[in-house]
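Visitor: Sequence isn't available, so here's the structure alone:
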């Protein structure tokens, strides 16, 4: 059982990364972004399509990241320009519609689970150490480090820099931010570009563990949302912890025979209980005024 | 306005009556004109097999050019159900009642058998799917696919692991779809009965997410062979990371694609069980004919198109044995009382027969991933319980 928990822990970093991307978007542009994983998957598949065609990985990587960033910018532009004044529910609904469209296009371009399976580059595959019978590769540590970097870096930018202050203003009250002289639409677009680029990198990093085809990668949004929920869509450190918790729970539920059959459900049941426990002292009107 | 509505309702009623009157011809009793044959295929939607109706049509074209059957041409009516249950149900009723087809040949829908088995029994019509996907395809009185199916294949894969590769510790990491659990258990039991062996470790609820935990469990159980039916990419990437080069992995026919062969990292031992002669080698027995048809008609080379050609071929062969009029009842009668047909593209002779359930094709031929492609292994078909 210990081995299974360790195995689960090694995937905690990649789950955390997915959750962080969702929380990041929500914190910065106030959109629950269902297209997140699909956009990253598009960028990732642009990259592997290039490497398949013989382009060197060093050239293909920036092109893939740029493609993800451009696509994210395009979707961001739709949300900013046409739905800027709408509430979060509308924006989330629009992002669901865009997600469905992106998945359909991606499946057509890059093939299904069996016909579009790909071997993604695994630059960090070398084993670092073994814990029990689990080989811990560099990639597990790199994912974790990247997750910590995002958590700490974004925290610093938001709270310690002028841009961060503007970004916070933008996400809390976009129209007021514009009144006080912040170029809201332009700043929002820049945020979408950055998010697209980061997401593509994240998807490239998690692909060798979580999915080799477009459909599986796009559907990682489910996992990402679950992890983001643990951070209540606000706290980056809690989201990071949430990823590790999800990994552990998966490992544990695969090892305990009594719940093995329900291992897909167990982590989410625990998440629901955790959410309930965390909100036990909240007063509804003040806690959920936003 | 109200008057217009009443008129419309009356017109609809008259039309409905008229179509009911026409459907006396819909019992498949026509004895002149083309022989109508139905087929329900997933052309769009999640399970796409557009090559299947094309390949069946190609065989029918060939027959028609040579004069048809008893001087009558074969007409294929293929309906795309897009894996949509409602469309699938409507398609079956429409084909049987309105079109008056004599049989269903070359269906390849993931939902057809489960939804329409009752309809086929009620209307006493036979279906010979090119690809039997769901369990109901192999447990219905009026359906007999031309592939071994997921359960037959599972028994063959286990048998291959223990008897051909000679492993004592055989394990399984499977995603079991809703409704398939009983079939999987029965397939494992059949293998145990044949070989006297038990699984060293079984995980029948492989889900999405990081596969490392399943692989670590396999390592802990000392598995020498692992059967797996999920997405290939991350599973084998992590198997490589976990250093499982000494394990023989066996995947099912659903994973037997060129893309998957390329996604398997070098150094791992990965085999795939195929349902027909491996399609990647056109020179294998039975494949020449399929390959010729596919090439001449520019149809995609897939395992499913093999099933399509086979189902059309066995249908025509049985049709030619019918003396007298070719109607739905004479076709059903011919299939229920037919002699087994030797067809070299599969491991055992194909027969419909009178039973309540049909899974005539047994056994599998194996390929191995080497250098980014599938290499055909020399043993021929492995049929559980039969000396190779």
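Guide: Everything's here; your move. On a predicted model such as this, the values are computed, not experimentally measured, just so you know.
Visitor: And residue B:60, how far from chain A?
Guide: With distances defined as C-beta to the nearest C-beta, to the nearest Å, the gap from residue B:60 to chain A amounts to 27 Å. Backbone N, C-alpha and C define where each C-beta goes, glycine included.
Visitor: just residue B:145 next, same as before
Guide: As defined by C-beta to the nearest C-beta, residue B:145 lies at a distance of 19 Å from chain A.
Visitor: Surely that residue touches residue B:137?
Guide: Yes: the pair residue B:145 and residue B:137 qualifies as a contact (C-beta atoms under 8 Å) at a distance of 5.0 Å.
Visitor: if I look at these two, which residues touch both of them?
Guide: With contacts defined as C-beta atoms under 8 Å, 6 or more residues apart in numbering or on different chains, the residues adjacent to both residue B:145 and residue B:137 are residue B:129.
Visitor: For chain A, what's its nearest residue on chain B.
Guide: Per C-beta to the nearest C-beta, residue B:233 is where chain B lies closest to chain A, at 1.8 Å.
Visitor: ok, and what's touching the helix or strand containing that residue?
Guide: Using DSSP states H and E, residue B:233 sits in helix B:232-241. In this structure, residues lying in contact with helix B:232-241 by C-beta under 8 Å, 6+ apart are A:114, A:117-120, A:122, A:125, A:127, A:135, A:137, A:139, A:207-213, A:216, B:173, B:210-212, B:214-215, B:228, B:247, B:249, B:251, B:255, B:260, B:263-265, B:267-268, B:270.
Visitor: Let's test this: mean pLDDT of the helix or strand encompassing residue A:101, rounded?
Guide: With the criterion set as DSSP H and E, the secondary-structure element containing residue A:101 is helix A:88-110. Confidence for helix A:88-110, expressed as mean pLDDT, is 91.
Visitor: What residues does residue B:291 make contact with?
Guide: Residues near residue B:291 by C-beta under 8 Å, 6+ apart: B:282, B:301.
Visitor: Need the three-state assignment for it.
Guide: Per DSSP: H, G, I helix; E, B strand; the rest coil, the secondary structure class of residue B:291 is helix.
Visitor: Got the confidence number for it?
Guide: Reading off the per-residue confidence, residue B:291 sits at a pLDDT of 93.
Visitor: Next one: it from residue B:277, what distance?
Guide: The span separating residue B:291 from residue B:277 equals 10 Å under the rule C-beta to C-beta, to the nearest Å.
Visitor: For chain A, which segments count as helices?
Guide: Here chain A has its helices, by DSSP state H, at A:2-10, A:12-29, A:36-52, A:57-83, A:88-110, A:138-160, A:162-172, A:174-179, A:184-210, A:214-218, A:221-230, A:236-255, A:266-278, A:284-287.
Visitor: Mean neighbour count and distance to residue B:95 added to the ones you listed, as JSON lines?
Guide: Below are the helices of chain A laid out as JSON lines (neighbours: other C-beta atoms under 10 Å in any protein chain shown; distance: least, C-beta to C-beta, whole Å):
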{"stretch": "helix A:2-10", "mean neighbour count": "23", "distance to residue B:95": "50"}
{"stretch": "helix A:12-29", "mean neighbour count": "26", "distance to residue B:95": "46"}
{"stretch": "helix A:36-52", "mean neighbour count": "26", "distance to residue B:95": "37"}
{"stretch": "helix A:57-83", "mean neighbour count": "18", "distance to residue B:95": "43"}
{"stretch": "helix A:88-110", "mean neighbour count": "16", "distance to residue B:95": "28"}
{"stretch": "helix A:138-160", "mean neighbour count": "17", "distance to residue B:95": "52"}
{"stretch": "helix A:162-172", "mean neighbour count": "16", "distance to residue B:95": "56"}
{"stretch": "helix A:174-179", "mean neighbour count": "14", "distance to residue B:95": "56"}
{"stretch": "helix A:184-210", "mean neighbour count": "24", "distance to residue B:95": "42"}
{"stretch": "helix A:214-218", "mean neighbour count": "24", "distance to residue B:95": "31"}
{"stretch": "helix A:221-230", "mean neighbour count": "24", "distance to residue B:95": "38"}
{"stretch": "helix A:236-255", "mean neighbour count": "24", "distance to residue B:95": "45"}
{"stretch": "helix A:266-278", "mean neighbour count": "14", "distance to residue B:95": "42"}
{"stretch": "helix A:284-287", "mean neighbour count": "8", "distance to residue B:95": "57"}
